[in-house]
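S.K.: Provide a 3D model corresponding to the input given below.
(one chain, ligands or ions: 3)
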Amino acid sequence: MEKLLAFDFSAFLVMFVLLFTTISRRMIHGKENRIFLATLACAFLTTVFDSWSIVLDVYTDGALTMKYISHSLYLFFHSLMVVIYICYIVSLADIWHRLKQNIFHKILLPLPMIVVTVLLISNFFTHNVFYMNEEGHYTRGTLFPIIYIAGFAYAIYGIFFIWINRMVFKRSRFWALMSVFILVFAATFLQMFMPDVVIEMFATTIGLLFISMIIQKPEENIDLTTGLLNSTAYSIDVKRNFHNEKVFDIIMINVANFHSIRDIIGFDAANDLLKTVANKLTQINKTSKINSDLFYLGKGKFRLTIDDDKRERSNEIAEIINSSLQKSIDVNHISLNLVCYVCVTRCPYDVDDYEILMHFGDRFTEDTEYTGNILLARDLFSHERYDLFNKLDSIIENAITNHKFQVYYQPIYSTKEQRFNSAEALLRLKDDTYGFIPPDVFITAAEKSGAIHKIGAYVLDEVCEFIASPDFPKLNIDYIEINLSVHQCMHEDLVSQVLGTLEKHKVSPDKINLEITETATSNLHSNMLKNLTELTQAGVSFSLDDFGTGYSNMQRVASLPLKIVKLDRTFVNHEENPKLSIVLENTVKMIKDMDMEIVAEGIETEQLLTRFADMKCEYIQGYYFSKPIPKNDFIVFITKHLNANK
Ligand code: C2E
Ligand code: MG
Ligand code: MG
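M.R.: Ligands and ions are numbered 1, 2, ... in the order given. Prediction:
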């Protein structure tokens, strides 16, 4: 008998540790975690009453009422544990919504448990399930097999369910979930031959331990800063929802100024801020009783998923969140105001694809002006745009092979020489289905896919071919500016590629000027500096494009071999603010003092032209003179101007 107790007592200890560690590892957020916790609690109570029953049986002859209570509670929690375990499996597969609609599940699933409960209560009077014989020993009654049959029925259902949904579970999850049943069946089988060794509860405990180690891993599912579910959990959850055709809403909360706040208050305080936001959301979730799962995806992005039956309250909850986050938050005695975009997305109506959802969640703040009101994805979402985003890789590949790219030229005017002295080559892509695709969009995609190198080579070749053509010398254009992407700047073959193309077309290096962006210079990569130096030595000049859009670091600008700085049009158009005018004027002066020339980009009006000409900016580029135009139109445009000046 002591051997018996040893197994049960071990099971009790392991269950206690499991329960304790699960709570202390904060595995309490999210439906799955909560149900697993309930399974553990039930298993723990089962081991408690199991051990207690054995102690009473072994060490006492009397205490009949205690024995009845303890055995009944053991049998009750044992059966309940199997039911909750099945609920856990269902929540992992996330198909509650389907089960709820099915009458078989609705009625038949709780039935065995109801029968067990009724039998156990009536057993106090009927002694049909078990009783204490004359010597006060526990003895099974005639109806006892029903308890076994109920447990067996649940186990068969569980195995069947795991098997049917095996595609939803990863292989490791599948086997971890199965392990509980396999171990329990093996233990029951063993007990048939060795009735004295009651190890079934011990086997269950080992199975739950497996699950805890393989499935319930906080380091994989929990964000340690906020204690909320993390991006991995979010992606698993959302993918599974789409796979199961579930209807659900997501409240997306993007803290747009999170990075700038973090730069000011530091990482530790920024983490405190995130915790405060997480606590606010947890509180709202609790008080509004919507039972949503809360996620933190990093970079100031929070998500709440709302199940179908609570969806009519999504907008109301979004409003509560929005007004709560608009109040300033105190961190380390600094009062901070967050710029939070709160957006309600209805799945699958607004978005029905995981990739598109993730992309939308990252980007919806970019094109949307902050008004302080909640946003609805259906108002923001352009399906075509996201569809296009998904197909961009193949569109670009297709455009490269079928020569669909076209280089346009935008004339640049020299204020000193009063003529068009140069031009910028700008790439255009027109797709048969999607029409004109903006360069910002396809260049970003090409940088991700690596196609940017082929595109860059194409532009360079086209421009050099144009410069080498007999038309070019007639235009009196000194050089053509070519945009280089950050990726090209860092590529080890850039120098040989540029010099090789110039050589191929017998073009002199001073006929081209390469534009690099501020972003490229801020990632000062050793290859990039080497490329810049070698090409400059070979006679190619460089411009710094989009100056004024990022964190312009004058020291860095001064250290690079640059001929021209191009003032971005967003910078140029701030003239209505007198303070920014002072910044602009001093910037222009500083660049000139460093012996660099200036192109003012995005000049659309005569007023702006005069202003920049007065500031002695050497070059002007913008719609005021011309938009970027195809090569032949460019030749016509420049020729016309040359003739007019004669
Ligand atoms: P960017 O190099 O700053 O090019 C200037 C952009 O401003 C061009 O947009 C041009 O059409 C636009 N622009 C010029 N003047 C005006 C104006 O007066 N008003 C307004 N509103 N816009 C003006 P585009 O052609 O859409 O190109 C966008 C960006 O895409 C470029 O910015 C450049 O970063 C990139 N890009 C374009 N072609 C290439 C290329 O061949 N290679 C690489 N790596 N990037 C390219
Ligand atoms: Mg440019
Ligand atoms: Mg620019």
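S.K.: quick one: secondary structure of residue 565?
M.R.: Three-state assignment for residue 565 (DSSP: H, G, I helix; E, B strand; the rest coil): strand.
S.K.: burial measure for it, as a count.
M.R.: Look at residue 565: counted by other Cβ atoms under 10 Å, it has 25 neighbours. Every C-beta, even on glycine, is put in place using the N, C-alpha and C of the backbone.
S.K.: that one and residue 599 touch, don't they?
M.R.: Yes - assessed by Cβ atoms under 8 Å, residue 565 is found in contact with residue 599 at 7.5 Å.
S.K.: okay, and the common contacts of the two?
M.R.: Each of residue 543 lies in contact with both residue 565 and residue 599 under the rule Cβ atoms under 8 Å, 6 or more residues apart in numbering.
S.K.: where does the protein come near ligand 1, residue by residue?
M.R.: When proximity is defined by Cβ under 6 Å from any ligand atom, the chain lies next to ligand 1 at 410, 426-427, 438-440, 443, 459, 483-485, 515, 545-546, 569, 601-604, 621-623, 628.
S.K.: okay, helices next: where are they in the stretch 151-300 of the chain?
M.R.: 171-193, 200-214, 218-221, 231-243, 258-265, 267-288 (DSSP state H, counting those that start in this stretch).
S.K.: what's the most buried one of those helices?
M.R.: Comparing these by mean neighbour count (mean count of other Cβ atoms under 10 Å), helix 200-214 ranks first with a mean of 21.
S.K.: show me what that helix is packed up against.
M.R.: helix 2-24, helix 31-59, helix 171-193 (3 or more Cβ pairs under 8 Å, 6 or more residues apart in numbering; DSSP states H and E).
S.K.: and the closest residue to residue 483 other than its chain neighbours, which of the three is it?
M.R.: Excluding the flanking residues, the one nearest residue 483 by Cβ to Cβ, 6 or more residues apart in numbering is residue 515, at 4.8 Å. What three-state DSSP gives for residue 515 is strand.
S.K.: okay, residue 515: pLDDT?
M.R.: The model reports residue 515 with a pLDDT of 96.
S.K.: could you do residue 575 as well?
M.R.: Reported pLDDT for residue 575: 57.
S.K.: you'd agree residue 128 is up against residue 142?
M.R.: Yes - using Cβ under 8 Å, residue 128 is in contact with residue 142, at 5.8 Å.
S.K.: show me what the lengthiest strand in the chain is packed against.
M.R.: The longest strand of the chain (DSSP state E) is strand 419-431. Judged by 3+ Cβ pairs under 8 Å, 6+ apart, strand 419-431 is in contact with helix 383-401, strand 405-414, strand 435-437, helix 439-449, helix 452-468, strand 479-483, strand 619-621, helix 631-645.
S.K.: quick one: contacts of the third one?
M.R.: It refers to strand 435-437. Contacts to strand 435-437, defined as Cβ under 8 Å, 6+ apart, come from residues 388, 392, 395, 428-431.
S.K.: closest residue of the stretch 51-200 of the chain to ligand 3?
M.R.: Nearest residue of the stretch 51-200 of the chain to ligand 3, counting by Cβ to the ion: residue 170, 46.9 Å away.
S.K.: next, count neighbours for residue 327.
M.R.: The number of residues near residue 327, taken as other Cβ under 10 Å, comes to 10.
S.K.: give the phi and psi angles for it, as a check.
M.R.: With angles defined as degrees, to the nearest 10, residue 327 sits at phi -70, psi 140.
S.K.: need the helix or strand of this protein with the lowest average pLDDT.
M.R.: Ranked by mean pLDDT, DSSP states H and E, the weakest helix or strand in the chain is helix 518-522, scoring a mean of 68.
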